[in-house]
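J.: dropping a prediction and its sequence here:
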Amino acid sequence: MSLDTDSLVKLHETVNGPMYLLETDTVICESLRTTGDYAPDEKALLGPLIASGDTILDVGANVGNHTLFFSQCVGPEGRVLSFEPQRFLFKILCANALLGRYQNVWPYRFAVGDEEGKVDIPVPNYERPNNFGGYSLSFDTFKEEGDITTIDAIAPDQCHLIKIDVEGMELSVLKGAVETIARTRPFLYFEYNRPEFKEEILRFSVDQLQYRLYRHGQNVVGHHADETPPEAVANLTEVTPKATPKSVKTLKSSGKIFVSIACFCDPDVVDTVKDCFDKAVSPARVEIGVCLQAKPNDASYDALNDIARVTVDRIDITEARGPIYARARCEALMTDPNYFLQIDCHSRFFPGWDEILIQEFAKASALNENAVLSHYPMNIKNMASSDHLDRIGHVNRYRYIEADAIKSHGSLIKLPEVPATSLGISAAMLFMRAKDRRRFPYDPELDFGLHAAEQVLYAVRLWTHGFDIFCPTQHALATDYEGSRDRIPDEVKRISNANRTGWPEATWSKVKCLLGLDDIEQVDPVYGDSLEESMGRFGVGDERSLRAYYEFAGIHDDLKRVFPNYRYAED
C-alpha cells in the first residue's frame with residue numbers, strides 16, 4: 001500500500017515534546033493532537049514508580065506516547081525497550097524517538113507473546129479514520145508477515161516496569177515473561193477489561209506470578225506479593241483473587257437441596273420438576289417448592305400434586321406481583337435443607353447435577369467460605385452440543401447503565417479450571433447454603449421488579465456482606481431462553497400487563513435508593529410505609545463498601561455520569 005505520508009503524518013507539540021502524529025488516528029493521536037497528551041492518569045500513577053536508571057518495557061507502544069514519557073523518567077542511565085509490530089506505527093515511533101533525541105529508547109518491531117516465530121501483522125488502511133492502536137493480531141483484515149518474540153527471549157538484565165497494551169494478548173505476553181518477572185519482580189500494568197479473558201489473566205497473575213493486583217480504570221497495576229505496595233498503589237481498589245487452593249476438601253454429599261421454582265403460567269414446570277428428580281444422583285435429598293401463578297381452572301399443573309417432595313403454593317394470576325414476589329414465596333416453603341437452588345420453571349438438568357453443584361460449591365468455598373454459585377445456564381437445545389459444552393455463561397460486565405435501569409450481563413468463557421469470580425448473579429441458576437438464603441431473602445415488596453431489582457440488587461447485597469459469587473467449572477443445568485413466553489396464554493399476558501402498570505417504575509425508584517443511586521426522597525410514595533424496614537432487612541452490607549463494589553464492577557464512572565444523586569458522585 002502506497003501512503004501519502006506528508007498528509008497522514010504531521011508534527012505537533014505535546015507534553016512529551018514535538019511528536020509526529022497520524023492524522024487519521026481517532027484515539028491516541030487524536031488526544032495528543034487536541035489536548036497535547038494521552039492517558040495522563042496512567043502517567044500520574046506510573047511516574048512515581050519509576051526511578052532514574054530503571055529499565056522499562058513498553059509492550060504495544062503505538063507512536064510512542066508512553067515510551068517518551070518513560071524515557072524522561074528513567075533518564076540517560078536508564079533504558080526503555082519499546083515494542084510495536086505495525087510497520088507504519090513503528091516508523092512513527094522511531095521518528096519520534098529520534099526527533100526528541102531519546103537515546104535511551106530501544107525500539108523493536110516485534111509482536112510480543114508466549115512464543116517466538118513468525119506471525120501475521122495487521123496492515124490497516126491508514127488513510128481512513130480509525131483507532132489503529134485497537135487492532136488485534138486476530139483481526140480479519142489485510143496482513144503481512146512479521147516477527148513475534150517473548151520477553152524471556154529478550155531477557156533484559158533488569159526490569160522495573162512492564163506496561164502491556166496489546167488488545168487481548170496480555171495473557172500471552174505474561175506467559176512469555178514468567179522467568180523475567182520471577183527474576184526481576186517488576187511492576188506490571190496492563191489492560192484487563194475484556195470479559196472473556198479477565199478472570200483467566202487475574203488468576204494467572206496470582207497463581208503463577210504471585211502478584212497482587214489493583215484496579216486503575218480499565219487496567220490493573222500489580223506488584224509481587226512479597227513486596228510492599230507504594231502508597232499510590234495501595235490506595236487503589238485491590239482485585240486480587242484468592243490463590244487457587246492446592247487441594248479441595250470434598251464435602252459430604254448427603255446434604256438436602258431445596259429447589260426454588262417461580263412459575264408464571266408455564267406448563268413446562270411439570271417436566272422441569274420431573275427432570276430434576278430423574279437426573280439427580282440422590283433424588284431423596286431433593287425437595288422442590290413451586291410458587292405457581294396460574295388460572296384457578298387450569299389443570300395443566302395437576303401432575304405436580306402427585307409428585308413426592310414437591311410443595312406447591314398456588315395463587316391466582318390476578319394476585320401475581322412479579323418474579324421477586326414469587327421467589328420470596330418459594331423461600332417460605334423451605335423446611336430444613338442444607339442447600340438452596342434457585343432456577344427457572346423451564347429448566348433441564350445434566351445427569352448427577354446434585355453431586356456436581358455440591359462439589360462445585362466445595363471448590364468455591366475453599367476460595368471464600370462465604371460463597372455463592374451463579375452463572376447464565378446454557379440453552380436447553382445446546383445440552384448435547386460439543387460446540388457449547390466447553391463454555392459457560394460468566395456474569396462479568398454491565399451492558400446497560402442509564403437513568404431507567406442498570407443491567408449486568410456476561411459472556412461465554414472457557415470452562416474455568418477453578419470457580420471464576422463473578423460480579424453478578426443469574427436468577428436462573430443460583431446455588432448457596434440454605435442458611436445464607438434465609439439470612440438474605442428476597443424483598444417481597446419489589447413488585448414487578450425488573451433485572452436491577454431481581455439480580456443486580458441481590459448480587460450487591462451479597463457482595464457487600466462479604467460474599468463472593470463464583471461461576472462453576474462445569475454445567476449442572478440448562479434453561480429455555482426462547483419458547484417460555486410463547487407458552488403463556490394471551491389472556492394471561494393482558495391481565496399481567498394491566499396489573500403491572502406503573503409498578504416497574506415505582507420499584508426502580510426504591511432499588512435506586514437501596515443501591516445508592518438516588519436519594520430516599522425520590523422513592524415512590526407507594527413504598528413509604530415499608531421503606532425503613534427494607535433498608536434494614538434488604539439493604540446493602542458493611543463488610544465491603546458499596547463504592548468498592550462499583551469499582552470492582554468497573555461502573556463507578558458510568559454511575560457518576562448517569563445518576564446526579566449518586567452517593568459517590570463527588571469521589
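T.: That came through, no problem. Numbers count the residues shown, from 1 in each chain.

J.: chain center to stretch 422-441, what's the gap?
T.: Offset of stretch 422-441 from its chain centre (C-alpha atoms, centre = their mean, to the nearest Å): 18 Å.

J.: right, I mislabeled it, should have said stretch 153-163
T.: 30 Å.

J.: start and end of that stretch, how far apart?
T.: Stretch 153-163 has an end-to-end distance of 17 Å (C-alpha to C-alpha, to the nearest Å).

J.: contacts for that stretch next, please.
T.: Contact partners of stretch 153-163, identified using C-beta atoms under 8 Å, 6 or more residues apart in numbering, comprise 46, 49-51, 54-60, 66, 70, 79, 81, 108, 116, 151, 173, 176-177, 179-181, 184, 186-190. The way it works is simple: take the backbone N, C-alpha and C, and place the C-beta from them, glycine included.

J.: mind running it again at 6 Å?
T.: By C-beta atoms under 6 Å, 6 or more residues apart in numbering, the surrounding residues in contact with stretch 153-163 are 54-58, 66, 116, 180, 184, 186-189.

J.: same question, stretch 68-82
T.: Under C-beta under 6 Å, 6+ apart, the answer for stretch 68-82 is 16, 43, 47, 50, 52-58, 61, 67, 102, 104-107.

J.: quick check: end-to-end length of it?
T.: Distance between the two ends of stretch 68-82: 10 Å, counting by C-alpha to C-alpha.

J.: now do stretch 96-113
T.: Span of stretch 96-113 from end to end, C-alpha to C-alpha: 25 Å.

J.: likewise for stretch 206-224?
T.: Where stretch 206-224 begins and where it ends lie 9 Å apart, using C-alpha to C-alpha.

J.: quick one: buried residues of it?
T.: For stretch 206-224, the buried set under the neighbour-count rule, 16 or more other C-beta atoms under 10 Å, comprises 206, 209, 211-216, 219-224.

J.: same check, this time on stretch 548-567
T.: In stretch 548-567, counting by 16+ other C-beta under 10 Å, buried: 549-556, 558-559, 563, 566-567.

J.: just the CA coordinates for it, please, in PDB.
T.: The C-alpha trace of stretch 548-567 is given here as PDB (Å, rounded to 0.1, in the frame of the first residue of the first chain):
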ATOM      1  CA  ALA A 548     -15.900  -0.800  46.400                       C
ATOM      2  CA  TYR A 549     -18.400  -2.900  44.600                       C
ATOM      3  CA  TYR A 550     -18.900  -0.300  41.900                       C
ATOM      4  CA  GLU A 551     -15.100   0.000  41.500                       C
ATOM      5  CA  PHE A 552     -14.900  -3.900  41.400                       C
ATOM      6  CA  ALA A 553     -17.500  -3.900  38.700                       C
ATOM      7  CA  GLY A 554     -15.900  -1.100  36.700                       C
ATOM      8  CA  ILE A 555     -19.000   1.100  36.600                       C
ATOM      9  CA  HIS A 556     -18.300   3.900  39.100                       C
ATOM     10  CA  ASP A 557     -17.600   6.500  36.500                       C
ATOM     11  CA  ASP A 558     -20.600   5.500  34.500                       C
ATOM     12  CA  LEU A 559     -22.800   5.900  37.500                       C
ATOM     13  CA  LYS A 560     -21.400   9.300  38.200                       C
ATOM     14  CA  ARG A 561     -22.300  10.200  34.600                       C
ATOM     15  CA  VAL A 562     -25.900   8.900  34.700                       C
ATOM     16  CA  PHE A 563     -27.200   9.500  38.200                       C
ATOM     17  CA  PRO A 564     -26.900  13.100  39.600                       C
ATOM     18  CA  ASN A 565     -27.800  11.900  43.100                       C
ATOM     19  CA  TYR A 566     -25.300   9.100  43.100                       C
ATOM     20  CA  ARG A 567     -23.900   8.700  46.600                       C
END
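
J.: how far does that stretch sit from its chain's centre?
T.: Distance, centroid of stretch 548-567 to centroid of chain: 15 Å (C-alpha atoms, centre = their mean).

J.: which residues does the closest residue in space to residue 329 that isn't next to it in sequence bridge with?
T.: Of all residues not flanking residue 329 in the chain, residue 291 sits nearest, at 4.3 Å (C-beta to C-beta, 6 or more residues apart in numbering). Note on residue 291: beta-bridge partners residue 262, residue 313, judged by DSSP bridges.

J.: correct me, but residue 291 touches residue 330?
T.: Yes. The criterion here is C-beta atoms under 6 Å, and residue 291 meets it with residue 330 at 4.8 Å.

J.: picking that back up, tell me which of the contacts of stretch 153-163 fall in helices.
T.: 66, 180, 184 (DSSP state H).

J.: domain ranges for the protein, per the record?
T.: Residue ranges for each domain of the chain read 5-238, 257-487, as given by automatic domain parsing.

J.: hmm, back to that, and the buried ones among the contacts of stretch 68-82, selectable in PyMOL?
T.: A single PyMOL command selects the buried members of these (16+ other C-beta under 10 Å):
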select buried, resi 16+43+50+54+55+56+57+58+61+67+102+104+105+106+107
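
J.: any idea how far the residue nearest the centre of the chain lies from residue 94?
T.: In the chain, the residue lying closest to the centroid (C-alpha atoms, centre = their mean) is residue 396, at 2.1 Å. To residue 94, residue 396 is 38 Å away according to C-beta to C-beta, to the nearest Å.

J.: all helices of the stretch 201-350 of the chain, in order?
T.: Remark: helices assigned in the stretch 201-350 of the chain by DSSP state H, counting those that start in this stretch are 231-234, 269-278, 323-331.

J.: of residue 291 and residue 330, who's got more company?
T.: In this view residue 291 and residue 330 are compared by other C-beta atoms under 10 Å, and residue 291 has more residues nearby, 26 against 23.

J.: so, low pLDDT: which residues of the stretch 151-300 of the chain?
T.: Scanning the stretch 151-300 of the chain with the threshold set as pLDDT under 70 gives 195-196, 244-253.

J.: same thing but 50
T.: For the stretch 151-300 of the chain, applying pLDDT under 50 flags the ranges 247-252.

J.: hey, where'd the strands end up in it?
T.: 161-164, 187-191, 211-216, 219-224, 237-238, 257-264, 286-294 (DSSP state E, counting those that start in this stretch).

J.: so the fourth one versus strand 211-216, what angle?
T.: The one in question is strand 219-224. For strand 219-224 against strand 211-216, the angle by axes from the mean of the first three to the mean of the last three C-alpha atoms, to 10 degrees is 150 degrees.

J.: list the contacts of strand 219-224.
T.: Under C-beta under 6 Å, 6+ apart, the answer for strand 219-224 is 185, 187-189, 191-192, 205, 211, 213-214, 229, 233.

J.: how much space is there between residue 551 and residue 128?
T.: The gap separating residue 551 from residue 128 is 37 Å, by C-beta to C-beta.

J.: hang on, I meant residue 450
T.: In terms of C-beta to C-beta, residue 450 sits 41 Å off from residue 128.

J.: what do you get for residue 398?
T.: 31 Å.

J.: try residue 170
T.: From residue 170 to residue 128 the distance is 27 Å (C-beta to C-beta).

J.: return the set of buried residues in the longest strand anywhere in the chain.
T.: Scanning the chain for the strand with the most residues, using DSSP state E, yields strand 391-402. Across strand 391-402, burial judged by 16+ other C-beta under 10 Å covers 391-398, 401.
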